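Asker: Let me see the structure of the following:
(chains A and B)
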Amino acid sequence: MKNPREKKINTRTFILLFFLFLWLGVVVLRLFELQVINHKNFKAEVLRQNHDVEDIIPQRGTIFDRSGTILARSLPRPSIFYYPPRDESLESHRTKINKLKRILSLSSNSLNSIYSRIEKGKTFIWIKRKVEPELAERVKELHLNGIHFDTENKRFYPQGKRAAQLIGHVNIDDRGQSGIEYRYNSILAGEKGKRLILKDAKHREYRFETLKDPEPGKDLILTIDETVQYIAEKELAKAMKETQALWGTVIIAHPSTGEILAMASHPTFNLNVPPRNVSSMERNRAIHHTFDPGSTFKIVTASAALENKCVRLRDRFDCTQGKIEVPGKTVWDHKKMGILTFPEVIIHSSNVGTIQIGERIGEDNLHAMIKAYGFGEKSGIDLPAEERGIFRPIENWTDISVYSLSIGYEISITAVQMLQAISTVANGGIVTSPRVVKKIRMSSGDQLDTNLQFRRVISKETAQTLSQILENVVLRGTGTQARIDGYRVAGKTGTAQKFDRSIGRYSNKIHTASFAGFVPVENPALAIVVVIDEPKGLFYGGDVAAPVFQAIAAQTLRYLQLPKDEPFQKAIMTARVRSAEAR
Amino acid sequence: MVSKKFTKKQIAMGILCMLFVITLLTFYIWHQAESIRLGYQSRKLEEDITSIKKDIEQLEAERASLLSLERVEEIARHKLGMRPPEEEQIAYHESATQKKKEDR
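Answerer: Here you go, the predicted model:
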């Protein structure tokens, strides 16, 4: 039998354990209620108070040239915005914004827009987006109530104006507006993701859950070579300065692959600081502008003549008068040339001789050849807003169309179409679509552009004969200023009168000078087109455009270390420093 | 009323059970606290990595800008007094010539 003391202890122990288990039971029940019964509601409540769902903005892809030089990249920049505190007066808001005016160089238009938004009671107002970090720091130091900062990506073009029209630019929201930035916007931009951020009582972020992975913008590797582009732009700018021309363009390509190595336009601009009248400067003259080709088009006429066997190389044409009558007009040569063989007609660019050749070719054959070369159609280059040019259907031809077209009138073409034509001859009669993007870099590896299209335009024999004729144009014809020591160059000059709307006919005062050529003739590595519009002073293609071709081709061949066609010395390619006496 | 007498063994078991539950709860709370601490640490490291990556990208872009060909040519010509080699100063190695032909 238990004594009373033991009994008392047992009772107390029992009571203690009872309350302890009761407490535990209550805790467990409460936990059950919180974690199981009301889990959904409480989780929703907690999430509502302590979490944020924010967009994960993918970084826009970088654009590289073919050797990996950065041409465009997005970099983080602070943006400044204003949450107007509700308890402040309008005057107080204005005072605060005025303090930022000088630091951020806010224009009066921007200020008025900000004030107007404050007056309308807007709760979120951008002050200035994508500013330099130093400026943002200066604003932070002011500790202004309601001024906040966010980080956005700003497009930066390390090379400034290099290939400006080709690369294009983006707007403030990073959407491509022109050039490659526009054409490949969806690939460069990627897709936004979503992220859940959990915050503690002090609003410190302690946990992140990615609800949707962002798809980062993919990088683009262009076919453009930055150095070749630099050479083209430098020489084009030099020619533009010398000739005081209206505009000019240069395209350099690999004839066999269609890869564009350079595409320069003038006038140009710095992509980092686009001028106000950017719309006129951002026109890519190589694809957005059409012109009458003039004598460079004789390549097509000669192709039609050879391909359709309308002429033999020894056929002679009477060009002694220096002029020829066609229905309703007289066409002149730039000088009297005597009796010329078929190649000589092209070599000396005789309009009189070419019109006689055109007559032999006939409308149908000439029309078919122009279509075969792709004139009047887009070349398919991967750039936006390419012009088709103007080439009327044969039903709309007049009595003189066959003569006009033979010498490059009654047709309007783009420089890239001319490049297609000269590349066809260089490439043994086969044409390839031109392109500016070589690869798309993806996380799973590079995606190559395999959608290359090859098409035969003229036979290999015709192309070879034409190459020889065009080589002679440079050796002893109108294109002698395109000659490069040690290399075999082929090409054709063009000087087209421009249509003057004020007098309603072609003017003999304003011209478009052009040169289309390739080098080396044997196994061509470069096809180049130069177009210079309305040069002042000298205006012949051979005087204005051919020297630009020569300067660009010579430097590019050296840069590419392409050996000369003549025998070479046995030594490593090197630049020997001249002796002091030699200087 | 007859009260049940707990043996020492039963009391010890009870205390052990309580200790176990308390340990379990303590571990749970510690685990939660540690998860949050690691969360902060992880977040900071992620931010550091992102920041360093951005710095690298920024520096790469700056390098590209500093190596822009206009700038290089300007320095070469005007500061260093350099000029392009004359034609007669350039020679091609035969094997390089062959390689270039093959590349084409």
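
Asker: Can you find the helix or strand of chain B with the lowest average pLDDT?
Answerer: Taking mean pLDDT, DSSP states H and E as the measure, chain B has helix B:94-103 as its least confident helix or strand, at a mean of 55.

Asker: residues making contact with the helix or strand hosting A:Thr249?
Answerer: Taking DSSP states H and E as the definition, A:Thr249 sits inside strand A:247-253. By Cβ atoms under 8 Å, 6 or more residues apart in numbering or on different chains, the residues outside strand A:247-253 that reach it are A:228, A:232-233, A:235-236, A:239-240, A:259-267, A:284-286, A:289, A:415-416, A:419, A:423, A:434, A:526-534, A:548, A:552, A:556. C-betas here are computed from N, CA, C, even on glycine.

Asker: Pairing partners for it, with directions?
Answerer: strand A:260-266 (antiparallel), strand A:526-533 (antiparallel) (DSSP bridges).

Asker: Need those in CSV (columns: distance to A:Glu45, mean neighbour count and mean pLDDT).
Answerer: CSV is the format used below for the strands paired with strand A:247-253 (distance: least, Cβ to Cβ, whole Å; neighbours: other Cβ atoms under 10 Å in any protein chain shown; pLDDT from 0 to 100):
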stretch, distance to A:Glu45, mean neighbour count, mean pLDDT
strand A:260-266, 60, 28, 96
strand A:526-533, 69, 30, 97
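
Asker: Compare those and give me the one nearest A:Gln497.
Answerer: strand A:526-533 (12.2 Å; Cβ to Cβ).

Asker: So which residue is dead centre in chain B?
Answerer: B:Ile49 (3.8 Å; Cα atoms, centre = their mean).

Asker: what about the helices in chain B?
Answerer: With helices called from DSSP state H, chain B shows them at B:8-66, B:69-74, B:94-103.

Asker: Mind telling me which of the ones you listed the model trusts least?
Answerer: Comparing mean pLDDT across these, the lowest value falls on helix B:94-103: a mean of 55.

Asker: picking that back up, same list (the helices of chain B) but as a markdown table, adding distance to chain A.
Answerer: Below are the helices of chain B laid out as a markdown table (distance: least, Cβ to the nearest Cβ, whole Å):
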| stretch | distance to chain A |
| --- | --- |
| helix B:8-66 | 4 |
| helix B:69-74 | 4 |
| helix B:94-103 | 4 |
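
Asker: how about the ones you listed, which one is nearest A:Phe391?
Answerer: helix B:94-103 (37.2 Å).

Asker: Going by neighbour count, which residues in the longest strand seen in chain A are buried?
Answerer: The residue-count maximum for a strand in chain A (DSSP state E) belongs to strand A:505-519. Neighbour-count burial for strand A:505-519 flags A:510-519 (criterion: 16 or more other Cβ atoms under 10 Å in any protein chain shown).

Asker: Equivalent analysis for stretch A:483-494, please.
Answerer: A:483-484, A:486-494.

Asker: re earlier: near chain B at all, the longest strand of chain A?
Answerer: No - shown here: strand A:505-519 not in contact with chain B (Cβ under 8 Å from any Cβ of the partner chain), separated by at least 11.9 Å.

Asker: Does anything pack onto that strand? Which helices or strands?
Answerer: In terms of contacts (3 or more Cβ pairs under 8 Å, 6 or more residues apart in numbering or on different chains; DSSP states H and E), strand A:505-519 is packed against helix A:415-426, strand A:490-500, strand A:526-533, helix A:541-559.

Asker: Looking at those, which is nearest to A:Asn98?
Answerer: Closest among the helices and strands packed on strand A:505-519, using Cβ to Cβ: strand A:526-533, at 48.7 Å.

Asker: chain center to the closest one: distance?
Answerer: Remark: strand A:526-533 is offset 17 Å from the chain centroid, using Cα atoms, centre = their mean, to the nearest Å.

Asker: Taking helix A:415-426 as reference, get the angle to that strand.
Answerer: 140 degrees (axes from the mean of the first three to the mean of the last three Cα atoms, to 10 degrees).

Asker: To what extent is residue 22 buried, counted in neighbours?
Answerer: Just going to use chain A. Counted by other Cβ atoms under 10 Å in any protein chain shown, the residues lying close to A:Leu22 total 10.

Asker: let's do chain B instead
Answerer: Residues lying near B:Ile22 (other Cβ under 10 Å) number 11.
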